[in-house]
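# Show me how the following folds:
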Amino acid sequence: MSDMRDEMLRTLDRIVEDTATTALREAADEKASGGGGAKGDATAALWAALEEAGITAIGGGGEDDVSFADAMELVRRAGYHALPVPLAETIIARRMLARARITAPEGAITLAVPGAGELPREGGGMLTGVIQSVPYGRAAAHAVVATEGKLHLVAIHDAMMTRGTNMAGEPRDVIDLSRAKVLASAASPTAIADLEAEGALVRAVALSGALSACLDHCLTWVGDRVQFGKPIGKHQAVQHLLAQLAEETAAAGAAADLAIEAAMVGPRRFEVAIAKARAGEAAGKAANIAHATFGAMGFTREHILHYTTRRLWAWRNEFGSEVYWQAEIGRIAARGGARKLWPLLTGELERD
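As a prediction, this is how the structure comes out:
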């Protein structure tokens, strides 16, 4: 680990310890779901601390910017801490805008990735279409949108139609692009596929972080929880569960590392498909093991575990489920034919 990466991660950990309290997390959940318990923006202090540390400005690719691998480690650590802010979206949006030579604005930026039948259209400098489940649409002033052959930076202050949340209580809002202002556009033949792949990449990386947190929560619990006169972690059945959880965490982390290494310049769809599919598969298994290990306590709001497991369940389906990306792996392999399968798997074949 580089000194710069180590310092960034320590800074993020310190901000989380000082700012991301249980009260803030509960207030963020209430605010997102429309509850009356939160006053104002529940996560404003957290986002302000991240901004002051320069963490939200990462990803633009300038001379003073960190490497892509270091930026993804921040995304992974944010997933570990289950941060209720659009840090991952902002980092990857800034990277996409930099590649398109569009100046990124300050503040939170989200990704407006269309679902089935939602492909936006561009004409006369205007966009049309409605996009569902935009991450933190209400909190981000800007969004990156793709149309056929173009990437756009749009202002979405007045474009939100309906507020919604995912299972983790994170904002997932409906955006009307006809009410959004196009600030800049750039030609990009693969804009739609790239936007989808970049979103899947950061979710796979964040999932790997959340899986590590899940494992750590379980290790702490089985050491502290005593039954029949000894910690439950001494029981062989529990040890088997934790071994399986560790395997799933390691596999998802390795797949995410593969995708990060391959995506230094731009998203590599084959490696992203592997990472998102493997992380999604691990997420379902890990959440089941964690709640089996914790028993009743794991289902209460008193314990922090649910902030992690709810994100595992939610993120596995965002920017394409494991089924979607497993099918994409098959499509990529089929296009190359039998003779190119081995070079594809060993990295000897140009895939894009």
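# Please make it C-alpha for all contacts and neighbour counts, starting now.
Noted.
# To what extent is residue 174 buried, counted in neighbours?
When neighbours are defined as other CA atoms under 10 Å, residue 174 has 21 of them.
# so what's it up against?
130, 131, 132, 133, 134, 137, 160, 161, 162, 163, 164 (CA atoms under 8 Å, 6 or more residues apart in numbering).
# redo that, cut-off 6 Å
For residue 174, the contacting residues are 131, 132, 133, 160, 161, 162, by CA atoms under 6 Å, 6 or more residues apart in numbering.
# Buried subset of those as a PyMOL selection?
Of the contacts of residue 174, the buried ones go into a single PyMOL selection, burial set by 16 or more other CA atoms under 10 Å:
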select buried, resi 131+132+133+160+161
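# Among the contacts of residue 174, which one lies nearest to residue 6?
Nearest to residue 6 out of the contacts of residue 174 is residue 133 (CA to CA; 33.6 Å).
# For the closest one, grab phi and psi.
Note on residue 133: backbone dihedrals following degrees, to the nearest 10 are phi 50, psi 50.
# now residue 44
phi -60, psi -40.
# Show me the shaky parts of the stretch 251-352 of the chain.
Low-confidence segments of the stretch 251-352 of the chain (pLDDT under 70): 349-352.
# now the helices for it?
Assigned by DSSP state H, counting those that start in this stretch, the stretch 251-352 of the chain shows helices spanning 269-294, 305-315, 322-336, 341-346.
# mind putting the contacts of residue 174 in a markdown table, distance to residue 303, secondary structure and pLDDT included?
Rendered in a markdown table, the data for those read as follows (distance: CA to CA, whole Å; DSSP: H, G, I helix; E, B strand; the rest coil; pLDDT from 0 to 100):
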| residue | distance to residue 303 | secondary structure | pLDDT |
| --- | --- | --- | --- |
| 131 | 34 | strand | 95 |
| 132 | 31 | strand | 94 |
| 133 | 28 | strand | 94 |
| 160 | 33 | strand | 83 |
| 161 | 34 | strand | 85 |
| 162 | 31 | strand | 92 |
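# Now flag whichever of the contacts of residue 174 is closest to residue 180.
If you rank these by distance to residue 180 using CA to CA, residue 160 comes first, at 8.7 Å.
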